[in-house]
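1. any chance you could fold what I've pasted below:
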Amino acid sequence: MAKAKGAARGGNRRGSPEAIEKRRVARAFNDMLGSAGAPKLDGRTEKRRQRLLRELEQNHAHGQRELKPLDVLQRVHELLELGEPVASIRKVWKLPKSVGASEATVELVHRLHNAYGFRRETYRFVGITDEVLAEAGVIPGEGRRGARRKKSAS
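-> Predicted coordinates:
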């Protein structure tokens, strides 16, 4: 009977599969982008984000000891994973001078990246340049694989 009523209306397309899909997609799109384009964090996550930014700004872990370079990498990586823009992290942490691209530095960055898997943007916050990252194989393309081929070909 309900079908007969809906069929009698004819012009109502609210229940059509296309209309339902449009509403579902619209809701998912709005949820994804949110009001400001960033996903809304729950209370604990937001407090953690604020604490990480505060620790970077004060250069102290839990208010006690000075941050080591690895601590900086971990905090910046976690902030980026939480969706914090690089620009806002740069406001609280000044970028240090670049580290030279010696073989020892390249090897150490390669090992560090294999062990931790930090995002490549994080290395800037401890003075590691894109050149070092490329040689260490962190940036796809050139790097350790290309360097090995060149050495073995000689």
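2. please parse this structure into its domains.
-> 2-33, 43-153 (automatic domain parsing).
3. these: lowest mean pLDDT?
-> Per-stretch mean pLDDT for the domains of the chain is lowest at domain 2-33 (a mean of 72).
4. most tightly surrounded among the domains of the chain?
-> Of all the domains of the chain, domain 43-153 carries the top mean neighbour count, a mean of 15, counting by mean count of other Cβ atoms under 10 Å. No exception for glycine: its C-beta is placed from N, CA and C like everyone else's.
5. and that one, how far from the chain's centre?
-> Centroid separation for domain 43-153 versus its chain: 12 Å, with Cα atoms, centre = their mean, to the nearest Å.
6. start at 24 instead
-> Okay, using 24 as the starting number, the last item reads as domain 66-176.
7. secondary structure class for Phe141?
-> coil (DSSP: H, G, I helix; E, B strand; the rest coil).
8. which residues does it contact?
-> 96-97, 100, 135 (Cβ atoms under 8 Å, 6 or more residues apart in numbering).
9. so which of those belong to helices?
-> Among the contacts of Phe141, the ones falling in helices (DSSP state H) are 96-97, 100, 135.
10. which one is Trp116 nearest to, not counting chain neighbours?
-> The shortest distance from Trp116 to any non-neighbouring residue, by Cβ to Cβ, 6 or more residues apart in numbering, is to Leu79 (4.5 Å).
11. surely that neighbour meets Lys117?
-> No - with contact defined as Cβ atoms under 8 Å, Leu79 does not reach Lys117; the gap is 9.9 Å.
12. mind listing the strands for this protein?
-> 83-84, 88-89 (DSSP state E).
13. by contact count, what packs against the first one?
-> Under the contact definition 3 or more Cβ pairs under 8 Å, 6 or more residues apart in numbering; DSSP states H and E, strand 83-84 sits against no other helix or strand.
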